[in-house]
Every structure is written in C-alpha cells, then in structure tokens.
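Chemist: Have a look at this fold, sequence not included:
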C-alpha cells in the first residue's frame, strides 16, 4: 500500500488527506495476515482504512438469509443479491478470524458507505455551505451596487420600512 499510486498522489497533494478514506478491496482473495498487517500500519489518513469483501453471491446463496429468490418479474431480484452479498461479507470476516475489524467498524461495504456519508456531511457543513453562502452574499452585494448605480426607484425601501414597522 505504501507504493500504491493513490498514496503517491496523496503525498504530493497532502491537503486532501483529511478528506481521504483508504479502502482495502477484495479481501476475500487476500491472505489474512496481509490484511491484518496492512490494517495495522500507521496512517496519516484522518479516516483510516476500511476492508471490504464484495464477491458476488453464487447461485443458491439466497437461502442463507431466507430470501425466496424470485421477484414479481419471475427472475432473481438484484436487491436479494445485495442482501446476500452483505451477509456473505460479514460471514467472511468472521470465518477468517477478522471479526475484530467488524467490532471496530473497519470492515464491510456498509461501514464504507457510512464513513463516506460522514465525510460528505462534514464537507457540506464545514466547507461547502459556508463557501456557498459567502459567494451568494458576495453576489447580492454586487447586484445591489449595480442597482444603486442604475438608480433605485423611490419606493425601493418600502419593504424594509414595512418590515421595521411590523417588528416594532
């Protein structure tokens, strides 16, 4: 992972590390000791790493979670596949003695989606909303200046005066 192209990019652009989450994919085809070793490496990514195993379910795996395997159209429903895939992923980490990753919220696609959602919400609240509000206010001031240069109608402040009277 230390020689990974993504890590090299992060080293060149360190300002994005606080918004970066590492993902170990295809853990089902990786040796257990390698996963544990890599997950234990010191990282300067604020959100750390998540391990995933997302091999598609095989033919009759629907019985694992009690899904009938049919949809109203007569074929197998994609939602059923996703449920089986999620169940298989959890079972894989348990079977491979990696249950501690589950307990620490460091494994499964569901954890990955939750962490990405958290990162996105944090970005919205701390960066996007304030920046957007500042840009809107700047645009309003620019438009107000243009209006003033063109000359405002006499009743321009009528709404402002009316609001002040109502407040008092």
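Modeler: The structure has been received and is ready for your questions. Since the model is a prediction, treat every value here as computed from it, not as a measurement.
Chemist: per-residue pLDDT, residue 113?
Modeler: We have a pLDDT of 93 for residue 113.
Chemist: Surely it is in a helix?
Modeler: Yes: applying DSSP: H, G, I helix; E, B strand; the rest coil, one finds residue 113 inside a helix.
Chemist: any idea how far residue 162 is from residue 85?
Modeler: Residue 85 sits 60 Å away from residue 162, going by C-beta to C-beta, to the nearest Å. Yep, even glycine has a C-beta here, placed from its N, CA and C like the rest.
Chemist: now residue 25
Modeler: Residue 25 is 61 Å from residue 162, by C-beta to C-beta.
Chemist: Tell me where the chain has strands.
Modeler: 22-24, 49-51 (DSSP state E).
Chemist: Now do the last one: which elements does it pack against?
Modeler: Under the contact criterion of 3 or more C-beta pairs under 8 Å, 6 or more residues apart in numbering; DSSP states H and E, strand 49-51 touches strand 22-24, helix 32-40, helix 109-123.
Chemist: In space, what's closest to the residue positioned nearest the centre of the chain - neighbours in sequence excluded?
Modeler: In the chain, the residue lying closest to the centroid (C-alpha atoms, centre = their mean) is residue 116, at 1.8 Å. Using C-beta to C-beta, 6 or more residues apart in numbering and skipping the chain neighbours, the partner closest in space to residue 116 is residue 21 (6.7 Å).
Chemist: Tell me how many other residues surround the one you found.
Modeler: Residues near residue 21, counting by other C-beta atoms under 10 Å, number 15.
Chemist: Isn't it up against residue 119?
Modeler: Yes: here residue 21 reaches residue 119: they are 6.3 Å apart, a contact under C-beta atoms under 8 Å.
Chemist: average model confidence for the top helix by length along the chain?
Modeler: In the chain, assigned by DSSP state H, the helix with the most residues is helix 129-150. On average, the pLDDT along helix 129-150 is 92.
Chemist: Repeat that for stretch 51-62.
Modeler: So the average pLDDT for stretch 51-62 ends up being 66.
Chemist: Identify the contacts common to residue 21 and residue 119.
Modeler: Common neighbours of residue 21 and residue 119, counting by C-beta atoms under 8 Å, 6 or more residues apart in numbering, are residue 47.
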